[in-house]
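In: Quick one, what's the 3D model for this:
(4 chains)
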Number of protein chains: 2
Amino acid sequence: MRVLLVEDDAALGNAVSEQVADQGHAVDWAQTVSDANACLDAAAYELILLDLMLPDGSGLSFLRALRRGGATVPVIILTARDRISERIEGLNAGADDYLVKPFDLSELSARIAAVARRYAGNPNPIVTVGPLEVDLAAHVLRRDGKTITLTAREWHLLEALMRRPGTILSKTQLEESLYNFDSEFESNTIEVHISRLRKKLGKDAIETARGLGYRLNSMASGTAS
Amino acid sequence: MRVLLVEDDAALGNAVSEQVADQGHAVDWAQTVSDANACLDAAAYELILLDLMLPDGSGLSFLRALRRGGATVPVIILTARDRISERIEGLNAGADDYLVKPFDLSELSARIAAVARRYAGNPNPIVTVGPLEVDLAAHVLRRDGKTITLTAREWHLLEALMRRPGTILSKTQLEESLYNFDSEFESNTIEVHISRLRKKLGKDAIETARGLGYRLNSMASGTAS
DNA sequence: GGCGTCCTGACACGAACCTGACGGCATATA
DNA sequence: TATATGCCGTCAGGTTCGTGTCAGGACGCC
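Out: This next block holds a predicted model:
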């Protein structure tokens, strides 16, 4: 994870950033609100550790501005023990959590790990074409609930076909999308890969248009052999 | 939201359930672990408030059992001020948050609101993948009850893979999550670390997809060599 | 039927991957 | 400071398996 630490106290900042780095995360340490904003402009963070008492402005309004801007990044507030109202305000301003200073470093670790776990990620978009469920990002393909494994070439081919479902793509076009150049020679590579794909996806998943090319059949319903 | 309160102290239980109800949520109040289990069988909850000191068993083991069963419901722990280790253990056992007794009721409200907000869109924290139990916070890894120790690099790699179980991650992606930058030139570091990880986790814990990358195999069941 | 296009099993090559070994480096211990 | 320990990146040799090629057959179209 990439973590932004916003904290003006040098000693605490050092300790925390070291601890976070030890946990294997990349840390950027901002000492002021304007530094923090600069960091946010420069990089994307998965977690922000935010001190509320900063020299050039309130961490609270920084947080509120962040949330108003639609940012969903988890924020953990670092706050003093006696400022209960501040903690409440922080949570209401959109913080996910807080740590009371002085805090145990192992507690910090646990909380960061909790956020990391929670952060685990939004699922990838899944496209369905006919009976096929495809998660292009994860390279997961399912048919009737059963997962099908494809090779690299087969994925590229399927991706090319899925980019324009229903429309016919010529062998030349498909070749180009596989190899990024037109093969000067003719070969039947595409035919072979189409054949291999059909064997996995089901015979009718890909339709051939004689003399023109191939297209994904979004209506297919047959079964794989 | 439907909230399950597990708390044996009558006075506190009354106060809390009243407060939660005032916030517009439905509350069920269980005074023992077995009561709580009965409630869970009977209804689905969006939030659990859990006291750790209960007459008929530890709230911690209740929580762990809950998580082991795959439950993703947010859990806020209610704990005494002086029990820091308990709080940490609680977070590691899969709690999302804790409140230190005695707590301000308005703070409780703020925390519930925070959970409600967070609950809106976030997916499951990952604790077990296949035969592996992973405690990211404590950096403890278990397989078949036996703990396995990993080196720093191995942890990062495993974390990256666990963040998206089942999806294929390219070597480049894995490299980035290890080093926070793309290595300009190629080495087989990832391959080597994958090999070392497999030796510890079991051969089939990580699947390789030739030409694409690697993925955690959540179905793995073989034994480590 | 005759022709061209497409399908598909078989096969061999080589890229991608695995893994044991080694040495550099950092940290711990005395 | 000297020694020991363990992690990590590199390398080399071995292995696996994806991929292109080819050939014979099937199919559609005139």
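
In: domains in chain A, as residue ranges please.
Out: Annotated domains of chain A cover A:2-118, A:127-216 [automatic domain parsing].

In: Please name whichever of these is nearest to DNA strand C.
Out: Nearest to DNA strand C, of all these, is domain A:127-216, at 3.7 Å by CB to the nearest atom of the strand. Yep, even glycine has a C-beta here, placed from its N, CA and C like the rest.

In: Tell me which stretches of chain A form strands.
Out: Per DSSP state E, chain A carries strands over the ranges A:2-6, A:26-30, A:47-51, A:53-54, A:57-58, A:75-80, A:97-101, A:127-129, A:132-135, A:140-143, A:146-148, A:206-209, A:213-216.

In: A:Val16 contacts A:Leu5, correct?
Out: Yes. Between A:Val16 and A:Leu5 there is a contact at 5.8 Å, judged by CB atoms under 8 Å.

In: Need the residues touching each of the two.
Out: Listed as contacting both A:Val16 and A:Leu5 by CB atoms under 8 Å, 6 or more residues apart in numbering or on different chains are A:Leu49.

In: What number of residues are in the vicinity of A:Leu5?
Out: When neighbours are defined as other CB atoms under 10 Å in any protein chain shown, A:Leu5 has 24 of them.

In: Where in chain A is the helix or strand with the lowest mean pLDDT?
Out: Ranking every helix and strand in chain A by mean pLDDT, DSSP states H and E puts helix A:84-92 at the bottom, with a mean of 65.

In: So A:Arg196 sits against A:Glu154, correct?
Out: Yes. Assessed by CB under 8 Å, A:Arg196 is found in contact with A:Glu154 at 6.4 Å.

In: Mind checking which of the two has more residues around it?
Out: Set side by side, A:Arg196 and A:Glu154 show more neighbours around A:Glu154, with 18 against 15, by other CB under 10 Å.

In: Could you pull up the contacting residues of the nearest residue to that one once chain neighbours are set aside?
Out: Closest residue to A:Glu154 apart from its sequence neighbours, by CB to CB, 6 or more residues apart in numbering or on different chains: A:Leu197 at 5.5 Å. The contact partners of A:Leu197, by CB under 8 Å, 6+ apart, come to A:150, A:154, A:157-158, A:205-206.

In: For those, give me TSV that also has pLDDT.
Out: TSV is the format used below for these (pLDDT from 0 to 100):
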residue	pLDDT
A:Leu150	94
A:Glu154	95
A:Leu157	93
A:Leu158	93
A:Ala205	88
A:Ile206	91
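
In: is A:Met53 in a bridge, and if so with what?
Out: Going by DSSP bridges, A:Met53 is paired in beta bridges with A:Ser58.

In: What's the separation between it and A:Val33?
Out: Between A:Met53 and A:Val33 the computed distance is 11 Å (CB to CB, to the nearest Å).

In: Give me the common contacts of these two.
Out: With CB under 8 Å, 6+ apart as the test, A:Met53 and A:Val33 both reach A:Gly59.

In: Looking only at neighbour counts, state which of those two leads.
Out: Neighbour count, other CB under 10 Å: between A:Met53 and A:Val33, A:Val33 has more, with 20 against 16.

In: Read off the pLDDT value for the more buried one.
Out: Per-residue confidence (pLDDT) for A:Val33: 85.

In: Quick check: closest non-adjacent residue to it.
Out: Per CB to CB, 6+ apart, closest to A:Val33 is A:Gly57, 4.2 Å.

In: what about A:Leu178, neighbour count?
Out: Count around A:Leu178 with other CB under 10 Å applied: 18.
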